[in-house]
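Peer 1: Here's my sequence, what's the structure:
(8 chains)
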Number of protein chains: 8
Amino acid sequence: MRELLEAVAGGSLSPAQAEAELRGYVVGDAGRFDAAREQRRGIPEAIFAEGKSAEQVVALAETALETTDRALLTRVSESQFEALETHLGETAPDVTIDRRTATVRVTSPEYERPSLDATVGIATGGTVDGPVADEAAMVLRDAGASVDRVDDIGVAALDRTLDQLDRLREADVLIVAAGREGALPTVVAGLVDTPVIGVPVASGYGHGGAGEAALAGMLQSCTVLSVVNIDAGFVAGAQATLFARAIDTARS
Amino acid sequence: MRELLEAVAGGSLSPAQAEAELRGYVVGDAGRFDAAREQRRGIPEAIFAEGKSAEQVVALAETALETTDRALLTRVSESQFEALETHLGETAPDVTIDRRTATVRVTSPEYERPSLDATVGIATGGTVDGPVADEAAMVLRDAGASVDRVDDIGVAALDRTLDQLDRLREADVLIVAAGREGALPTVVAGLVDTPVIGVPVASGYGHGGAGEAALAGMLQSCTVLSVVNIDAGFVAGAQATLFARAIDTARS
Amino acid sequence: MRELLEAVAGGSLSPAQAEAELRGYVVGDAGRFDAAREQRRGIPEAIFAEGKSAEQVVALAETALETTDRALLTRVSESQFEALETHLGETAPDVTIDRRTATVRVTSPEYERPSLDATVGIATGGTVDGPVADEAAMVLRDAGASVDRVDDIGVAALDRTLDQLDRLREADVLIVAAGREGALPTVVAGLVDTPVIGVPVASGYGHGGAGEAALAGMLQSCTVLSVVNIDAGFVAGAQATLFARAIDTARS
Amino acid sequence: MRELLEAVAGGSLSPAQAEAELRGYVVGDAGRFDAAREQRRGIPEAIFAEGKSAEQVVALAETALETTDRALLTRVSESQFEALETHLGETAPDVTIDRRTATVRVTSPEYERPSLDATVGIATGGTVDGPVADEAAMVLRDAGASVDRVDDIGVAALDRTLDQLDRLREADVLIVAAGREGALPTVVAGLVDTPVIGVPVASGYGHGGAGEAALAGMLQSCTVLSVVNIDAGFVAGAQATLFARAIDTARS
Amino acid sequence: MRELLEAVAGGSLSPAQAEAELRGYVVGDAGRFDAAREQRRGIPEAIFAEGKSAEQVVALAETALETTDRALLTRVSESQFEALETHLGETAPDVTIDRRTATVRVTSPEYERPSLDATVGIATGGTVDGPVADEAAMVLRDAGASVDRVDDIGVAALDRTLDQLDRLREADVLIVAAGREGALPTVVAGLVDTPVIGVPVASGYGHGGAGEAALAGMLQSCTVLSVVNIDAGFVAGAQATLFARAIDTARS
Amino acid sequence: MRELLEAVAGGSLSPAQAEAELRGYVVGDAGRFDAAREQRRGIPEAIFAEGKSAEQVVALAETALETTDRALLTRVSESQFEALETHLGETAPDVTIDRRTATVRVTSPEYERPSLDATVGIATGGTVDGPVADEAAMVLRDAGASVDRVDDIGVAALDRTLDQLDRLREADVLIVAAGREGALPTVVAGLVDTPVIGVPVASGYGHGGAGEAALAGMLQSCTVLSVVNIDAGFVAGAQATLFARAIDTARS
Amino acid sequence: MRELLEAVAGGSLSPAQAEAELRGYVVGDAGRFDAAREQRRGIPEAIFAEGKSAEQVVALAETALETTDRALLTRVSESQFEALETHLGETAPDVTIDRRTATVRVTSPEYERPSLDATVGIATGGTVDGPVADEAAMVLRDAGASVDRVDDIGVAALDRTLDQLDRLREADVLIVAAGREGALPTVVAGLVDTPVIGVPVASGYGHGGAGEAALAGMLQSCTVLSVVNIDAGFVAGAQATLFARAIDTARS
Amino acid sequence: MRELLEAVAGGSLSPAQAEAELRGYVVGDAGRFDAAREQRRGIPEAIFAEGKSAEQVVALAETALETTDRALLTRVSESQFEALETHLGETAPDVTIDRRTATVRVTSPEYERPSLDATVGIATGGTVDGPVADEAAMVLRDAGASVDRVDDIGVAALDRTLDQLDRLREADVLIVAAGREGALPTVVAGLVDTPVIGVPVASGYGHGGAGEAALAGMLQSCTVLSVVNIDAGFVAGAQATLFARAIDTARS
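Peer 2: The predicted structure follows:
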C-alpha cells in the first residue's frame, strides 16, 4: 500500500491506476470502470456504447487504456467513432475501428497480447450474420485464442454445411450464429462432439422476425446447445474465451 | 326439382338428402352441415368435435352419413367417442376410431372409396408427431391418395433424415410435421424439388413451447415452405389432397 | 471432369462456372452462392438483399448471372438499386428494376426463358397488397408459369370478390394476399376447389397490426389454406412454382 | 325520507330495500350490490360468479332479488348452481338455469317484464359459438328486446351466410359471434347497414387460438365494427340493450 | 339500363358514374372504388391513404368525387397532402385538409350535406387524444350528425370528468377516446345510460404502451363498452353514424 | 461467541438458534432459512409454499418458529395445510389457517406482537380481490400496523368509491387491489395525497385476462402509483410495512 | 367568492388564477390544467410533452406558471425546447432545461421553494440509467426533499454495490433504476430495511430488450419491491415525494 | 461386416445391436433410437418421455439398454414410471427412479461407468429449483463427471451466496439454476472466472411467471452467461458434460 502510494507520488503510477489497484474499479465522470474484471472474471469489461454520450464513451475508453492497457467497445455509433478517432488517435497508436461490426479495439504501447492454446470455431449461416460473428471474434482474438471462421454454411444448401464438418470438428468450442429460423446450430450440434454456443441473429421479417424465431428455435433445439441473446456476439465470444482459457490451463 | 320431391314423397330420398341436394347444406339441431363442400371445395366438411356436446357431434355425424355417405371427425373426446360408438354402431358398420389421434371415420354401406393417381409423403421428426401426421393421413386416405409415411427422421441424428431422401423425393407432395425447433421441414425442403407443407407440432416446453418456436421457424425458413397452424394435421392433409387431385386430373 | 477442366483451361468455362458444376455452390467474397439450387430444389436461389452491403449484393448478382444466367433479388434498397444499375448495366442487357416491389431481375443474353403449362392466380384484397403480389408474380413468370392477376377484391365489398369467382376457379393454384384482418383467403378458399396459399400483408395498425392479425386469422381459417410468413411474396410465388411445375410434368 | 323509514319500521320495506333507495347500493356480507345500476346505467348489475364462493353468490343473488326483483348471474360453476337451486328455490319460483351457457336468471313474483320496440339480431358462425350468443340473448330478453337468432352461418360455406342476409337486415342492431379467424362479422358488416357488434369466441387452437385471432381480426376489420372482449356475450348483449332502448325511446 | 347508357352517350353521365350505378364499384388504375358502400352499408368508403402512392390516392379521390360527390381520406402523409392539393384544387372547390388529424375531406359542388336528428358526444381524456377524436368527428359531421365535443376530462383529475356528466348524458351515443391506462370510458360508462364506444389511443410508453394497455383495459372493463382498435377514430365515428342514423329514422 | 456456545451446550439455546445468531441463516433439509431477514430487511422471510413438498414446508415452518418465534406461509395447498396442522398443532398453540387466502400464520408461545403507530388502508374493487388483500393484511398485522380495510368500491359504481374517500384519506399508506381493467388505484390516487401501491388481481377473461390488463393499466396510470406483480398481496403488504415502520420511527 | 371576484376586477388576480381557485382546474386552448393537483394529490401536475404540439406545451406551461408559480415538463422534444426558450424566457427568469433528461423546470419570481426533512436515495446500475434517475431527482428537488444520488453500482461488479451500502441505508426511501436484467433493485432491497422503488430502464437489446426483462424481473423479485413503468423516472420521483412528505410530517 | 453378421448368426450379437453398429440408429416400433449419439455427439440420446405412450417409452428404453447398455429418461409421468418398473425390473437390475425429478436411469449389468477428471458445480437459488438441478446432475454423473451441488443460495439473502464463493470458484464449469427474477447466475458470474450456464426455472407467478422473467433476465445479463431453455436441466447437464470431457481430455 505504502509502495503504491509512493509510486503515485513519484509519478510512475497515475491516480487512476492506483485506484484500480486498490479498489478494483475507477470512478470517473462517465461512471465506475471495472478495471479488475479481467482478474476477477477472466474477461475484460467491454464498453457498451449504446445509450452513452460520445464524451462518456471517450472518457471510459481512456480510463480503460490507462488501467488495463486496452479498451474494447461495442455498439459504437458514427458520432462515437468520430469522437474516439479524434481523442484516442494521439495516445493510442493501435486503434482498430470496424464500422460494419460497430466495434473499436484500442491498445496502448505497453499492451502485451496473450496467447491461448485453444481454438474456437465460428460458423455463420449467411452473409448477414457476419458482423455478429465479427464481434465474437474480436473478443476471442483479444484474449489470444485461435479463431477458425467458417462463413455462409446455412442449411438451405446442406452440402455447404456438410463440406465443413471436418473443420468444425477440430475446434475446441464452436460458436454458431444464424438468423431467420436459426436451424444451423441444431444441425451442426447434432454432428459434432464439441460444445456449441448458438447466437441468434436479428435477420428475417414478419412473424418471429428480429431474431425471435431463431432464439426460440435454439432454446427448443432437439440437440444440446447453450444460447446467448439475439445479436450478442460479444457475450458468445466472451463465454467461449472462458472455455478456451480453461482448456489452455488444462493443457499446460 | 319435381323429380327430387317425388323421390322424397316416394321415400327413396330422405328430406335431409333432398335439402342437401337443393340448398347445399342441411339445417339440423346441431347446426348447418355443409353437405356440398366436397363438390364445391374438393374436400368434405370434417366435424371438429372440440367445444360441441356429444349429442351435437352424433347429430352432425348422422347428417354427414345420410347426405355424403361418410363422416370424418377430429379432436374427439372420450365422452364423444362413447356416444358415437353407441349411436353409429348399428347404422354404420364401418367405424374407425383412433383414440390416440382423436379421430373417427365412419362410412355407410353405400360409400365408394375414390382413388387418386398421386402420392403424398408424410414425414415426422419424432414419435410425438405421430398423431398429428395420422390426422393428415386419414384425410388423404379418405380422398383416395397414396400415402407414404416416413417416421422419426428428425435432424438431431441427420443420418436418419438423409437415409430417407430418395423415398421422400418420390412423393408428389410432402407433409413434414415437427415440434420443438421445427427444423426438419427446412432441411428436407432444401434437398428435394417437391412442394413441402410444414406442420408445427405442439411439443417442447419453456420459451417457444406448445409449437410456437416450430411455427415461427417454419415461417422464417430460408427454404421454400408453406405452413399450417400448430397441430393442424387435418388442414395439411386436406391441402395436400387438393394438390393430389390436381395432379391426378393432370395425369389423366 | 477432365473435360470440364479443359474447358476452364481453354477459356470456354469460367472458374466459377466450373466450381458451380463440380460443387453445386460457388464461394465468393460475399458468401457461398447456391448455383445448384434450381436443379436440386426446383427454384433458383434468390438474393435477399436486406442486411447485405451494396458490394455484397452486386458480387452475388454477378456470380448468379455467371453460373445460372440470371439473378433474382428481393428487398433491395435504394443504394443497392443504384449499385446494381451501375455494375450490371454493361454485362447484362436485360435488367428489370421494380422500386415499389423492391425487386430486381437480371438475365444474361444466354438465358432461355422456360415455359410451364400451368396457371397461377394471384388475388389481392386491396391496393396496398400490390407489391407483395408483384414479388410472387416475378418468381412465377421467371419460372415460365402463366400468371392471372386479380386485384382489389377484398371482402368489405363482397360483390368485388364474387364477381371474380369464375376467373379464380380457372387457375391451377391460387395465391391470395391480404392485410388487416386477412379474411379474403378464407372466403375465396371456401368457394373454389383450387389449393389456396395465403399471404398475410403487413398493413393495418394498432392491435394485430403489421400483418399479425392476418397471419393468425389465416392459420385459424375454417377453410383449408396453407400460409407463408407476413409479406413473403417470394416464398408464396416459389411454392406455387413447385406446384405449377408438378402439374406441368403431370400434363406432359 | 321520513316516509321511507316509516315503511321500514312498518315492515313493508326491508332494510336492504331502504338502503338501496337511499344510497343506490346495498352493503352485505358478499360486497356492495349496485341496486341503482339499472336506473343510472340502463342495465342491471349482473353477478359475475367466477372467483366468488357459493355463499357469496347466493347472498348477492338474494340482495339482487330483494332490491331489484330479479337476479342475473353469469359464469356460474356447478357448485354455485347447486347452492342457488337449494337456496333460491323456495323464495323465487321463477329460476332459469342454463348449465351450458353457465347462466342463471331468477325473478321474484313482483317482477314485471319490460318490453322494448326494437329487434336485436344475433348471428353465430358455428355451433361452438352458441353459449356465448345465449349469454347475450339472456340480457336482451331480460330487458324486453326482441331477439332474432340466426345460427351457424360461418363464411366457410358462404351460401349459409348470404341466405340469411334479408333476415339480418331487418334487425335494428346485430351481434355477430365467431371464433377461429372471426371473419363472419366482417363479411356481414360489409353487406348490411345495421350497426354490428362483433364478439370473438375462444375456439380454435394453436397460434391465435383462444379467441385471440378472432379478436385481432375484428379490430383490424376493413368494414365498420365495434367489438367486445373474447367470450363477452353479456357485454355484447348489454351494449345492444342500450341501443335498443335508445331506439325504443326514439320510436315512442 | 338503356337510359343509363344513353346518358353516357349523351355525356350527362361519365363512364365511371355509369359503372358505379351498374356494378356498385368502379375499377380504376388504383383499384376498385366501392361507390355503392353508402347505399349498402350506410357509410361511405373512406380512402385509407397509408401504404398507397400519392398517385393512387389522388386517383381514388377523383373517382370518389365523380361517383359519390365527395371523398374522405384518412392517414394522409405530407406528400399525399401535396398531391391532393395540386390535383383536386381545381375541380373541387371545397377541400378541408387537417394535417394534425391527417385527414382530407373534399366535396364537389353538387354535394348536398345530409342532416341527422341525433347527437353524438365525443369525449377525450387529454390533449394527445385530440387528433383521434377529430377523425371520428369528421365522419359524423359528413353524415350530418350533431357532434358535441368535450375535451380533456381524464380521470386523473376526476372533477373535470364529473363536471361534464350532464352534458355527456344528453348525447344519444358517446365516443370516449383515451390513451395510457384508458380508464375514462369505464368511469363515464358507469355513470350514464348512453351506449359508449371506447377508442384506445396510442399514447404512453413502456409496458402496455402504444395503446395496448388502454385497449386491454377497455376490453376488460367492469362496465359495458364496445371498443374499436387503437387510434381507430374513423371506425368509432362510422359506428356512431350507423347508430345516429338508426335513431334519426326511429324519430322521424 | 463463547457465551452462545455455552448456551447451546447448556440446552438453553438450540443449535438452529445458535446458527441463526452466528450466520444469519440456518441450513436444514429443506434449504437455508433466512432467520436474520427481519433484522436486516425489516420484514421476516415468508415461506412461499408453491412448488415445495409438504415435508419441506413443514421443515421450514419449524425452523422459522424455532429461530424467529413465528412462521408466515403463503400459497399453501390443501395437502400442505394438512401436513402443517398435523405437525405444528402440538408445538405451536397459535395457528391461523386461512384456506381461501391460502396462508398460514403460526406463533410460538414466546412470540411478542409488535405495534406500529401507522395505519395502512387496504381497498379492493370487488369481492374476488378479497384473498389478495387478505394476504397483504396478514403481513401488516403481523408487523403491528393498523389495517383499515375498505372492500368492494370498484369504479363501475363510482358512488361506492367516492363515499369512502374520507376514510381512505386518513391512512398513512394505501394498498389498492383491483382486477379486470384495474382502474380503481388510478381513480383513488387522483383524489388523495397518500402514497398508493397498486395490486393487479388475476381476475377477468379473454384478452388482457389473468391480471395482465390491470397490471399494464396501473403501470400506464396518469396519476402516481407504484405497483407490485399480479396477485402479489404479500409484497404489497411488506412494502407498506416498510413505510409504516418508517413513519412509526419518524413519529416516535 | 365575492372577495375573489373583486380581486379579479381589481387586477390583482388574473382570470386564470381565479378559475384555478374556484374550480381547481383551468380551461385553456391546450386543455384543462389541473392547478389544484398539488393541494389534492400532494404533487403538482407535470406537463407530459410527448404527443403535444409546441404551442400546446407553451400554453400549458404558461398556465402552470400563472396558477402554481412553476411548471415541470417531461419528455420534451427539441422543437418544444426551442418554443419554451423563446416564449418563457422573458416572463420566467428561472428556466432549467436539461436536454439529456428531456425535462424543463420553470419557476416564477414568486415561487418559494419548499423544504422537506427527508432524504431519498437514487441509485443507478449504469451510465445509461442516468437520465431516468435525473427525471426522478427533478421532481424530488422541486418538492424540497434531499436527494442522495449514487451512480453506476450495477451488480456485474458487486463490490461497487456493496461499497455503497452504508450510504444507501441512510436514505428514508430508495429509488433504484436499472436496465438490462434489472437485478440491482433486488440485490439492494435484500440488504437494506428501507422501502425500495424499482425503475426499469429501456436499455438492452434482443429478447427482453427495451426494459421488458428488467420490468418482469423486478415484478418477480424474491425480495420486496414496488415498481413503476419502464423509464418512468417522474412517477418514481413523485411516489418517493409522497413518502418523503409523510415522513416529514411525522417528524415535525 | 462379415464378422458382424456372423456374430448375429451365432447369437452373440442381437439384430438390434448389429443394426446400431451398422447404421448408427435402430428402427423399432416406437421410432428410431439414435444408438450412435454418444460416439458422434459425446452425450447419449436421452428418452424425452412427455407425449409418448407408456409402451413407446418402455420399447425405447429396452432398445437403449440393448444397444448402449443404459437408458436415461426425462419428464417421465406416473403411468410411465409404473410401466418401466414392471418391464425393466427383471432384465435391468440397476434402476434409479426419481419421481420428484421425473427421471429414470437404468443400466445393464455390462455397463461400465466412465470417469472424467473435471468438476461441475451446480448451484440453485431456492428449494423449488431442486428438481431441475437434479436432472442436470443425473446426466453429469452418468458421464462420470464430479458434481458439486450448492443449494439455496439465492440473492435475496446475499450472505448465502457470498459464503459459497470459494467453493463455486473451484468448479471447472458452473450450472446456476434460478426462477423468479433469475438474478443468481448474473451475480455469481460477476464474481468467478468460471464459465457459467444459466438455467431459468419455471417458478413465480403473474407477469413474467413460468420462468419467462428469469430467461429474459439471463439473456440480458450484464455479465457473461450462456443460457438454456426454461427448466432444461438435461440440456444444461449435457452441455456441461461436453465441456467437462474437453477439459478431461486436455488434462490427460
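Peer 1: quick one: A:L158 from D:S203, how far?
Peer 2: 40 Å (CB to CB, to the nearest Å). C-beta coordinates here come from the backbone N, C-alpha and C atoms, glycine included.
Peer 1: quick one, which of those two is more surrounded?
Peer 2: Shown here are A:L158 and D:S203; by other CB atoms under 10 Å in any protein chain shown, D:S203 has more neighbours (26 against 22).
Peer 1: Name the residues of the stretch 1-150 of chain A found near chain G, please.
Peer 2: A:23-25, A:27, A:30-32, A:34, A:36-37, A:45, A:50-53, A:56, A:60, A:75 (CB under 8 Å from any CB of the partner chain).
Peer 1: are any of the residues you listed buried, and which?
Peer 2: Burial by neighbour count, 16 or more other CB atoms under 10 Å in any protein chain shown: within the residues of the stretch 1-150 of chain A next to chain G this picks out A:24-25, A:30-32, A:34, A:36-37, A:45, A:51-53, A:56, A:60, A:75.
Peer 1: Which of those residues sits closest to F:L242?
Peer 2: Closest approach to F:L242 among those (CB to CB): A:R32, at 27.9 Å.
Peer 1: From the buried ones among the residues of the stretch 1-150 of chain A next to chain G, which land in strands?
Peer 2: For those, membership in strands holds for A:G31, A:R32, with DSSP state E as the criterion.
Peer 1: What about the buried ones among the residues of the stretch 1-150 of chain A next to chain G, which are in helices?
Peer 2: By the criterion of DSSP state H, membership of those in helices covers A:R37, A:Q56, A:L60.
Peer 1: Minimum pLDDT in the buried ones among the residues of the stretch 1-150 of chain A next to chain G, which residue is that?
Peer 2: For these, the weakest pLDDT value sits at A:A30, with 79.
Peer 1: pretty sure that one is touching A:Q56, no?
Peer 2: Yes: at 3.7 Å, A:A30 and A:Q56 qualify as touching, with contact defined as CB atoms under 8 Å.
Peer 1: Quickly list what's touching both of these two.
Peer 2: Overlap between the neighbourhoods of A:A30 and A:Q56 consists of G:T127, taking contacts as CB atoms under 8 Å, 6 or more residues apart in numbering or on different chains.
Peer 1: In the stretch 51-200 of chain A, which residue sits nearest chain D?
Peer 2: Across the stretch 51-200 of chain A, no residue is closer to chain D than A:E181, which sits at 15.5 Å (CB to the nearest CB).
Peer 1: pLDDT score assigned to that residue?
Peer 2: At A:E181, the predicted lDDT confidence score is 96.
Peer 1: can you check A:E90 too?
Peer 2: Model confidence at A:E90 (pLDDT) stands at 69.
Peer 1: what does A:E6 give?
Peer 2: Looking at A:E6, its pLDDT reads 86.
Peer 1: Which residues are in contact with it?
Peer 2: For A:E6, no residue counts as a contact, taking CB under 8 Å, 6+ apart as the criterion.
Peer 1: buried ones in the helix or strand hosting it?
Peer 2: Assessed by DSSP states H and E, A:E6 sits inside helix A:2-10. If you call a residue buried by 16+ other CB under 10 Å, then helix A:2-10 has these buried ones: A:V8.
Peer 1: what about A:A143, distance to chain E?
Peer 2: Between A:A143 and chain E the distance, using CB to the nearest CB, to the nearest Å, works out to 38 Å.
Peer 1: Run a quick neighbour tally on the residue lying closest to that residue once chain neighbours are set aside.
Peer 2: If you skip the residues right next to it in sequence, A:A143 has A:T241 as its closest partner in space, 4.4 Å away by CB to CB, 6 or more residues apart in numbering or on different chains. By the criterion of other CB under 10 Å, A:T241 has 27 neighbours.
Peer 1: again, but for A:E85
Peer 2: 12.
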